[in-house]
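Asker: Return atomic coordinates for the entry below.
(one chain, ligands or ions: 2)
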Amino acid sequence: MTLKNTILRIAVPTPLRRLFDYLPPQGVDIEHLKPGCRIQVPFQTRKLVGILIDVVKKSDVPVAKLKKAHAIIDNTALISNELMRLALWASEYYHYAVGEVLLSVLPKALRQGKTLPALPALVAPLASDLNLALSQEQTQAQQAIIASANTFNVFLLDGVTGSGKTEVYLQAIAHYLVQGMQALILVPEISLTPQTIARVAARFSVPVLAWHSNLSDKVRLHTWFAAANGDAKIIIGTRSAVFIPFKQLGIIIVDEEHDTSFKQQERFKYHGRDVAIMRSKFNAIPIVLGSATPSLESFMNAQNARYTHLNLSTRLGHAQMPHYQLLDMKKQVQVEGLSQALQENIAEHLAQNNQVLIFLNRRGFAPVFYCNECHTILQCERCDARLVYHRSPLRLQCHYCDSVVLVPKQCAQCQSESVCAVGVGTQRLESKLQVLFPDVPIIRLDRDNTKRKGAMQDLLTQMHQAEKAILIGTQMIAKGHHFKNVTLTAIIDVDVGLCSAEFKALEHTAQLILQVGGRAGREHKAGSVLIQTRNPEHKMLKLLLQQGYGHFARQLLCERQMAGLPPYTYCTLVRAESYQLSVMQDFLLKVKTLVSQAGFALQCLGPVTPMLAKKKGLHAQHLILQAQQRPVLQACLKQLVPQIEAIKFNGKFTIDVDPLEF
Ligand SMILES: [Zn+2]
Ligand SMILES: [Zn+2]
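Answerer: Ligands and ions are numbered 1, 2, ... in the order given. Prediction:
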């Protein structure tokens, strides 16, 4: 092939969902045109860094109209074939612009077209921990995973809290490391990575590196290359680590696979776990999804034998499963959200030098600020949300746009001075507990006091070092932590989750109850879990606590099947945002017409107004596309998305495939 009829097909970081054709730069050696290398191109009035996807002979655009690329940046492919295939698949499946997918997976310096600085040599730690003895169930699980080397196989490691899933991961990984392969461990939260890294690094004498959003650009760049050239043997990271290049990936672990933080909610709305499964498939390697409370979709796949179901049914050593008890709040005397029975239980556990963990998913002092005379509730001016009352510093704050206003002395509507903060947030609970238990350290963990780097780790260390103590927190305390002295955990309010209309709310509430409860009694002391509710007769709640998660999940799957909901059907949201409500509604109605004219076998529901109907002044609504068959839905989107893009609309639209909520 000569340069004369060579056309470069390039992914450029723009929201447009297509590739762009260019002519090769002046005097370039055709040998250097490797798919996956970076190329600087003119785009509108700017210079952008794009990725070469293909070299072709013909373009739909007349050659005379094609622009010339400025320069080739890399002599070899920066995006390996393997990563390219994954990114192209993700772009197609999630209907997100391919250029943005490819460029978003790159560290910042590479996105900007910089070349690689010298890499420091990686230091391998000296392993100090030995393998623990495996139980019979753990051995079976580990053997099954090892036997699947170089084969695509999805394992659901379904193990109750404290059953030793991590030990199974580690001993399975050891097998792949010996063969010179690498391992990727995905975890839901940044807060869990230091803990996991420490444990993994203590076990293996190989370089183990972290990947998450709090890393500096320089560290990310080094980690990226250390994984790509094979120096880093184990990468532990949050969802975006699924797009790191590896030299020879042998196994992927997704810990706490049910966790909703694996799904990116902004812009490129991919699910880290699902992308990881595709990556395993493309690479023909095993993947292990671990959870004490598997997502219903994974649970169903295990039931259908599409996944291999591995069970760990008991806690390790002498630890027993905690005892669950419901407290009927209709019959309880309560102060600041704490029932009499809960207060007494806390006192008893503390008296025995034990620790208590209290879950409340509402940060701030009080969730509502209210006028007693005219019943006005203070709202954010830019969002369809209530302002939350905070102390230190005293303010009302919107948790969606972070705007802050002064606390008024009187009502703006009726001038009454009878205004007050209603309801209980973590700060109010903290002050009340300080009064009730003045001699006990009370540690609060939520977004307000963990923003500073290292703050979260400091608070967790305090908890680990204290004797008796109370830990109060939002969902960040529910996940993966191991506190050996916690014998009582309490959930202040499950009713929001039990009574929500969202189709996944009950599933997520059950997972939360067992995850929070699972923090109690993890070693030799017995654990109790107290749940405050006004719905103690709730059928599914009782089923969960009396029969366990497996029975609960099967029943909930039956209900989803009857209602025609995922995972029995497939859904995608077409979401629109605009400052003008009517403009947005017109747009969605046009989309709806396109869908019905296209004649695919699917339903189009809506426009639906989400819970947060307005955020930062932007109105939002969406259509729900629902089909019995995934390929039908995908075919419909493939045909319609370019037509939707062509509609004139003063706002923006996004596609959310497999949404977490309606
Ligand atoms: Zn008023
Ligand atoms: Zn707001």
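Asker: Quick check on the residue positioned nearest the centre of the chain: phi, psi?
Answerer: Nearest to the geometric centre of the chain sits S261, at 1.4 Å (CA atoms, centre = their mean). S261 has phi and psi values of phi -70, psi -10 when expressed as degrees, to the nearest 10.
Asker: Find me the pLDDT at it, would you?
Answerer: What the model reports as pLDDT for S261 is 94.
Asker: Please tell me how far it sits from R273.
Answerer: S261 sits 10 Å away from R273, taking CB to CB, to the nearest Å as the criterion. Any C-beta I mention is one placed from the backbone N, CA and C, and that applies to glycine too.
Asker: again with K65
Answerer: For K65, the distance to R273 - CB to CB - is 43 Å.
Asker: Who has more neighbours out of the two?
Answerer: R273 (24 against 8; other CB atoms under 10 Å).
Asker: pretty sure the more buried one contacts E257?
Answerer: Yes. Between R273 and E257 there is a contact under CB atoms under 8 Å: 5.3 Å.
Asker: May I have the lowest-mean-pLDDT helix or strand in the chain as CSV, with CA atoms only?
Answerer: Here the helix or strand of the chain ranked lowest by mean pLDDT, DSSP states H and E is helix 193-201, holding a mean of 84. What follows is helix 193-201, C-alpha atoms only, in CSV (Å, rounded to 0.1, in the frame of the first residue of the first chain):
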residue,chain,number,x,y,z
THR,A,193,-8.1,-0.2,48.7
PRO,A,194,-5.4,0.6,51.3
GLN,A,195,-6.8,-2.2,53.5
THR,A,196,-6.8,-4.7,50.6
ILE,A,197,-3.4,-3.6,49.3
ALA,A,198,-1.9,-4.1,52.7
ARG,A,199,-3.3,-7.6,53.0
VAL,A,200,-2.3,-8.6,49.4
ALA,A,201,1.2,-7.0,49.7
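Asker: ok so, going back, overlap in contacts, R273 and E257.
Answerer: L289 (CB atoms under 8 Å, 6 or more residues apart in numbering).
Asker: Can you report how many residues lie near D29?
Answerer: 10.
Asker: pLDDT score for it?
Answerer: Looking at D29, the pLDDT reads 83.
Asker: before we move on, what about the one 10 residues further on?
Answerer: Note for I39: predicted pLDDT of 95.
Asker: so what's G180 up against?
Answerer: So G180 contacts Q248 (CB under 8 Å, 6+ apart).
Asker: doesn't it fall inside a helix?
Answerer: No. Secondary structure of G180 (DSSP: H, G, I helix; E, B strand; the rest coil): coil, not part of a helix.
Asker: per-residue pLDDT, it?
Answerer: We have a pLDDT of 95 for G180.
Asker: swap in M1?
Answerer: As predicted, M1 sits at a pLDDT of 46.
Asker: what do you get for T139?
Answerer: pLDDT, T139: 97.
Asker: got it, and Q320?
Answerer: For Q320, pLDDT reads 84.
Asker: The closest residue to it other than its chain neighbours: what's it in contact with?
Answerer: Using CB to CB, 6 or more residues apart in numbering and skipping residues adjacent in sequence, the residue nearest Q320 is A526, 5.8 Å away. By CB under 8 Å, 6+ apart, the contact list for A526 reads Q320, P322, H323, T487.
Asker: same question, I252
Answerer: Here I252 is in contact with A183, L184, I185, L186, A276, R279, S280, I285, P286, I287, V288 (CB under 8 Å, 6+ apart).
Asker: Quick one: work out the angle between the helix or strand where it lies and helix 193-201.
Answerer: Element membership for I252, per DSSP states H and E: strand 249-255. Counting by axes from the mean of the first three to the mean of the last three CA atoms, to 10 degrees, strand 249-255 points 130 degrees away from the direction of helix 193-201.
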